[in-house]
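**Student:** Generate coordinates for the sequence data below:
(2 chains)
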Amino acid sequence: MGLEVIGLTVRVRDKIVLRRVSLNVDYGTVHVVMGPNGSGKSSLAYAIMGREGYEVLEGDIRVDGESILNLETHERALKGIYLGMQDPPAIPGVRLSTLLIASTNKRMGVSELTKIANPKVVKSAHRIASEIGLSAELLQREVNVGFSGGERKRGELLQAIILEPKIAILDEPDSGLDIDGIRKVASYIGSLRDSGRAVMLITHYARMLHFIKPDTVTVLIGGEVVARGGPELAFEVEEIGYEGVRRKYGSQSTQTVNT
Amino acid sequence: MSRDAYQRMLRELPFQHMADTPTVKYYTDWKIFEERLNLENSSIEDRIPSVLEHLDYNVVLGVGARVLKEPMGVRIRLLGEGWDGDPRPMSLVGVHSKMHAYHAYRWNTGLLVEVDDGVSFGDLVIASLGGNAYTGHHIILKVGDRAKGRVLVVDYAGPSRGLKTLVIESTVGREADVSLDMLALHSKEHAVYSLTHVVAGDESNVKSKVLSLGGAMSRVQVDYIVEGEKAKLSTLASAIGREGTKSDVILNSVNKGPESEVMVNARGAVLNKGYLALRGSAIVSEEARWASSEIEIQVVIMGEEARGHAVPVLEIHSGDVAKANHAAGISHVLEEQRFYLKSRGLSDEEVSRLLIAGIVEFSGLVEDLKLDPFKLLAVDAREA
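**Tutor:** Okay, here's the model as predicted:
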């Protein structure tokens, strides 16, 4: 069990951004979703998270077999889904540490938002921040205000680790990182999987997949799934490009590449 | 200057020094002050609200003045109604407006606080409480050379209909290292005019945290005159325009000392039917060679029929400046920001509460004083 997306068609304003997309992300696995710009990768993440404006026309999204379509975004988060955004917004006035405390309090069922209900959270945040190369000083700064691209990515990963979601959706956690940063982030994604979490990893490139072997790779083009396979599909994408993948697999219904 | 002279100025002066341009007059609703200028002196003072009771007050200014304890190395004297000694109230600020004149004419308690050279005086906490009519307080604060410590002024105006004026004239000595903090908490029934004037000496280091939760009309102005060579000032401010309140919060700085450094950073939020102007002018004077000045003001509109202004002004008169920046923003909470916070498990209402709490906490004063931001925001309803 884990996350199931079943025949999902999504419209944003007048545009269909996803067409009959299906995929499963099981616990203890990493499912990579690849695709060129505008292929619907982030739309898929937003639709799963229930973002306003992403209207589900058909299909279903299930967590552990239960539909979450009628749940609001925050209820989906409390079901255990976490979305690390590709370009997380700045939140002036709210410190990263305050957000971490509020989010963990909510998961513990504590109604007080800003009082530390679990002191271990702050300690862990400092330790993990240091391990992923994020200055502890950043925890006291307003969320993403003045953060570099790399700091934003690490901030998203930090929250993914601290909040202990059942299902982590990470939207391009590798962009803006140097090779050492990518290696470190990949290692943490690996540990999320090893601790039994379901990880949906959205990326343009296969470069991160040199450091973390995915269990499944899905290629999305034009809002549709055009190919699905094991790690070798990612490297095939690297070799022949998305256009090549589209030509090879796209004319037929979703292709499963045998390994 | 005689009381007669102040009375004459009260009649003749405009409400503020540069009151002739409509744009300047716009931010403070002077009519609310005008309506209350003839109030009798208060006979009953407000009680310190329960959320602020835990603070260890040294002085309480209300209808009268009570000195509860003097920290080591600090001398506190009551000026008394007829104080004619030195220093004279308003000598640092000057009387340039009707409100200044009104204050000089009517203030009913006053305090002279002198901190000796070289002492570490810890915390000095002064409560300035409003009352059931007019209350005026004047504090003259002289911090000696190399002194260290924190002065906190709790400016509280409670649920009775009233007018309060508070003027603080302070000088900070050479190489002193002090925090000058202000917590302004005003009810919807009170109009408050608060003016703090700080002159920082050579190589002094002044940190200032300001938190303002305004009332019927709150004008909270702090003028930092960074006069000393290599003097440093850093200000963090939070201002909230609560429902149905009006606030004009002004943080002005003037670099006069060569190589002096100023940093002013303010955040504001305006809630339903609230009004907040968050302003500041940063002036680098001609004599302030290689000085630096940075000012940033951000205001978030968070309610219906809420109005907000973020107004920074930077004036450079020196040919040689180390750094000069100003930035301002006024925005609504974006769908993207709301979605982001909701994706962390917070409901719409909690997102709003967190954003407001974050801005209340921005100055750091809430954390320093161990205050609950939500209890502070709710003071009006609970204490009334």
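
**Student:** C-alpha from now on. contacts and neighbour counts both.
**Tutor:** Fine.

**Student:** what stretches of chain A score poorly on pLDDT?
**Tutor:** Across chain A, residues meeting the criterion (pLDDT under 70) sit at A:251-259.

**Student:** Would you tell me which residues of it are close to chain B?
**Tutor:** A:49, A:51-52, A:73-78, A:82-83, A:88-95, A:98, A:103, A:106-107, A:113-114 (C-alpha under 8 Å from any C-alpha of the partner chain).

**Student:** change it to 7 Å
**Tutor:** Residues of chain A found near chain B (C-alpha under 7 Å from any C-alpha of the partner chain) are A:49, A:51, A:73-75, A:77-78, A:82-83, A:89, A:91, A:93-95, A:103, A:106.

**Student:** which one of those is nearest B:Leu346?
**Tutor:** Using C-alpha to C-alpha, A:His74 is the member of the residues of chain A next to chain B that lies nearest B:Leu346, at 5.3 Å.

**Student:** can I assume the closest one is in contact with B:Ser347?
**Tutor:** Yes - contact status for A:His74 versus B:Ser347: in contact at 5.7 Å, counting by C-alpha atoms under 7 Å.

**Student:** okay, these two: which has more neighbours?
**Tutor:** Summary of the neighbour comparison: A:His74 and B:Ser347, criterion other C-alpha atoms under 10 Å in any protein chain shown, with A:His74 having more neighbours (24 against 19).

**Student:** what about that one, which SS state?
**Tutor:** Under the three-state scheme (DSSP: H, G, I helix; E, B strand; the rest coil), A:His74 adopts helix.

**Student:** ditto for B:Asp56
**Tutor:** With three-state DSSP as the basis, the three-state label of B:Asp56 is coil.

**Student:** ok, for it, nearest residue in space, not its chain neighbours?
**Tutor:** Spatial nearest neighbour of B:Asp56, excluding adjacent residues (C-alpha to C-alpha, 6 or more residues apart in numbering or on different chains): B:Val125 at 6.7 Å.

**Student:** what do you get for B:Gly364?
**Tutor:** Ranked by C-alpha to C-alpha, 6+ apart and with sequence neighbours excluded, the top spatial neighbour of B:Gly364 is B:Lys209, at 6.9 Å.

**Student:** The one you found pairs with what?
**Tutor:** Note on B:Lys209: beta-bridge partners B:Leu236, judged by DSSP bridges.

**Student:** Now do the same contact list for it.
**Tutor:** Taking C-alpha atoms under 7 Å, 6 or more residues apart in numbering or on different chains as the definition of contact, the neighbours of B:Lys209 are B:Leu180, B:Asp181, B:Met182, B:Thr235, B:Leu236, B:Ala237, B:Ser363, B:Gly364, B:Leu365.

**Student:** Please tell me how far the fourth one sits from chain A.
**Tutor:** For B:Thr235, the distance to chain A under the criterion C-alpha to the nearest C-alpha, to the nearest Å works out to 15 Å.

**Student:** What count of nearby residues applies to residue 187?
**Tutor:** If you meant another chain, say so; for now it's chain A. A:Ser187 is flanked by 16 other residues according to other C-alpha under 10 Å.

**Student:** wrong chain, I was asking about chain B
**Tutor:** Other residues near B:Ser187 number 28, with proximity taken as other C-alpha under 10 Å.

**Student:** what helix or strand is A:Lys106 on?
**Tutor:** Counting by DSSP states H and E, the element that carries A:Lys106 is helix A:96-107.

**Student:** Out of the contacts of B:Lys209, grab the one that's most surrounded.
**Tutor:** Most neighbours among those, by other C-alpha under 10 Å: B:Ala237, with 28 neighbours.

**Student:** so what's the residue in the stretch 151-300 of chain B that chain A sits nearest to up against?
**Tutor:** Minimum separation of the stretch 151-300 of chain B from chain A (C-alpha to the nearest C-alpha) falls at B:Arg267, amounting to 6.8 Å. With contact set as C-alpha under 7 Å, 6+ apart, B:Arg267 has these partners: A:Gly93, B:Ala237, B:Ser238, B:Ala239, B:Ile297, B:Gln298, B:Val299, B:Ile359, B:Phe362.

**Student:** Just to check, the second one is in contact with B:Glu361?
**Tutor:** It stands for B:Ala237. No - under the criterion of C-alpha under 7 Å, B:Ala237 is not in contact with B:Glu361, lying 9.2 Å apart.

**Student:** What segments of chain A are helices?
**Tutor:** A:41-49, A:73-78, A:96-107, A:119-131, A:149-162, A:179-194, A:231-249 (DSSP state H).
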